[in-house]
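S.K.: My questions are about this predicted structure, shown below with the sequence.
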Amino acid sequence: GPGPIVEVLSFTSRNQLNRAGDWSATVPALDDRAVTLLQPRRTVLAYALIDGVKTFLGGGTIETLRVQVNDGAPALEVSGRDLLEELNRNTVGDVAVQNPSGFDLDDFLTANMPVGWSAGAVVGAVPSFVARFAHESLLGSLTALAAKLPFWFRLSGVRTIALLGELPTTATVRCLANVDAHAAERNSAICLITEISEERQAADIATRVVAFGAGNGAARLTLALASEWPNGAAITSSTTIDGDTYSYNAATNTITNVTAETDYGRVEMALAWKDVAPITNSDADLQAAANMLVVAVCEHLRRHRDPAYVYSLQVVGLRQAVLPGDLVHVAIRRMRDGSTPISIRRDLRVLEVATTIDDTGTRVSGLTVATVDTWPATDTEIVVSGIRQSQVMEALPQAGPSVDTISYRENIDDDVSADLRSIATTRSPSE
């Protein structure tokens, strides 16, 4: 496209795990060429020469333009969400995904990736799952999968998405608050923390879940037909996942993280995943849907078994590549008036990487890291999730006590079967 624009006062991009990040750029407002090119809904791609290599830093569609007139020369600031937002621009239709058999995750991505986009092979193994989508966006579909499965994604290049079935277990970079400048200069795996803020969230802790899938009233999908835990063990007995013991109670339709309940006491909630539904009413599909419900419950309990600690770090001197989903080792101890408000020495998961270009050069300027591998839900996201569940109930078949809205397969003769729907009605004695 047209360009380039080389007189850039500053550029910042934030690449995030499991969601679209954002970017912003500031240019002189008196640069007629830049002002002409930077128009709403145009796409900006930012590059820099790093060690002699042209490197993509971020960008996306221009959503907001703002002119600032301060004491100095006027400046034009443009910003928007990153390229992942383009995956929101078309829907996936009405489709059922069965991984790894049938129409699987690879088939789903191949059928729905916009022109010019690509996805690499999934790193690690995504567990078996069934999912039904009804005219959701591709980004919304991936987000829904990431909310229920040990599955992650991130922007990895120009219109390229990385899919992760597992995350790194070893930290390759150390972020330190107290380090000799010369030592840090000699070691590319060390960076200096200049600022830190800490947020602790404990409201979402859960130790046991009463689980429901699609359906209404007594016809809701439950765990009753489930046969296995996410690790493949039979659900008839307890199992261990990531060091925690899980148990299933058929009488109460409940899965419990026994280890977390020992630590925090009983914290029970009833949750519904309205998009977890059988593809048909066959025994195999009903069992597959119930097993998918088990996966969603266990993943929810894993992510909410402890308080979430989220740290925003301002860093300098980070020269080694760090990506959302990576592990970094953070060591910092802050003393104030004889007390220690912040003391950390542990590996933390990277949720966001901020990259900045300004008059000092190109650098990674900030990291958001956490004790969890997903973003804690904000109030807005909780409301949006509730709205999405309502939309799912409208878009997807929901079994009910009087109408069978799930396809019913019946043999017509020895060779042919058909998908039928039946309606249960109440007749009077005279009829």
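M.R.: Noted; the coordinates are in hand.
S.K.: And the pLDDT at the closest residue to residue 177 other than its chain neighbours?
M.R.: Leaving out its chain neighbours, the residue that sits closest to residue 177 by Cβ to Cβ, 6 or more residues apart in numbering is residue 332, at 3.8 Å. Where C-beta positions appear, they are placed from N, C-alpha and C, glycine not excepted. Looking at residue 332, its pLDDT is 91.
S.K.: One more: residue 293?
M.R.: If you check residue 293, the pLDDT there is 94.
S.K.: Over to it: give its phi and psi.
M.R.: Residue 293 has phi and psi values of phi -60, psi -40 when expressed as degrees, to the nearest 10.
S.K.: Contacts only, for it.
M.R.: 211-213, 221-223, 226, 273, 276 (Cβ atoms under 8 Å, 6 or more residues apart in numbering).
S.K.: where exactly do the strands run in the stretch 201-350 of the chain?
M.R.: 208-212, 239-241, 244-249, 254-257, 268-272, 308-316, 327-336, 339-358 (DSSP state E, counting those that start in this stretch).
S.K.: Next, residue 318: phi, psi?
M.R.: Here is the backbone geometry of residue 318 (degrees, to the nearest 10): phi -80, psi 110.
S.K.: What's the local residue count around it?
M.R.: For residue 318, the number of neighbouring residues by other Cβ atoms under 10 Å comes to 24.
S.K.: per-residue confidence for it?
M.R.: Value for residue 318, per-residue pLDDT: 91.
S.K.: likewise residue 97?
M.R.: Note for residue 97: predicted pLDDT of 87.
S.K.: ditto for residue 242
M.R.: pLDDT, residue 242: 91.
S.K.: go on, residue 271?
M.R.: Listed pLDDT for residue 271 reads 91.
S.K.: and what of residue 300?
M.R.: Looking at residue 300, the pLDDT reads 94.
S.K.: Check residue 415 too.
M.R.: For residue 415, pLDDT reads 69.
S.K.: what does residue 431 give?
M.R.: pLDDT, residue 431: 45.
S.K.: what residue ranges in the stretch 251-400 of the chain score low on pLDDT?
M.R.: Residue ranges of the stretch 251-400 of the chain with pLDDT under 70: 378-400.
S.K.: Let's see that with 90 instead.
M.R.: Applying pLDDT under 90 to the stretch 251-400 of the chain picks out residues 272-285, 317, 319, 333-343, 358-361, 376-400.
S.K.: Nearest spatial neighbour of residue 175, chain-adjacent residues omitted?
M.R.: residue 330 (4.8 Å).
S.K.: Likewise for residue 5?
M.R.: Closest to residue 5 by Cβ to Cβ, 6+ apart is residue 34, at 4.9 Å.
S.K.: How about residue 316?
M.R.: Spatially, and ignoring its direct neighbours in sequence, residue 316 is nearest to residue 192 (5.2 Å; Cβ to Cβ, 6+ apart).
S.K.: ok, so what distance separates that neighbour from residue 365?
M.R.: 12 Å (Cβ to Cβ, to the nearest Å).
S.K.: picking that back up, ok, how many other residues are close to the residue nearest to residue 316?
M.R.: Residues near residue 192, counting by other Cβ under 10 Å, number 18.
S.K.: distance of it from residue 170?
M.R.: Distance, residue 192 to residue 170, using Cβ to Cβ: 22 Å.
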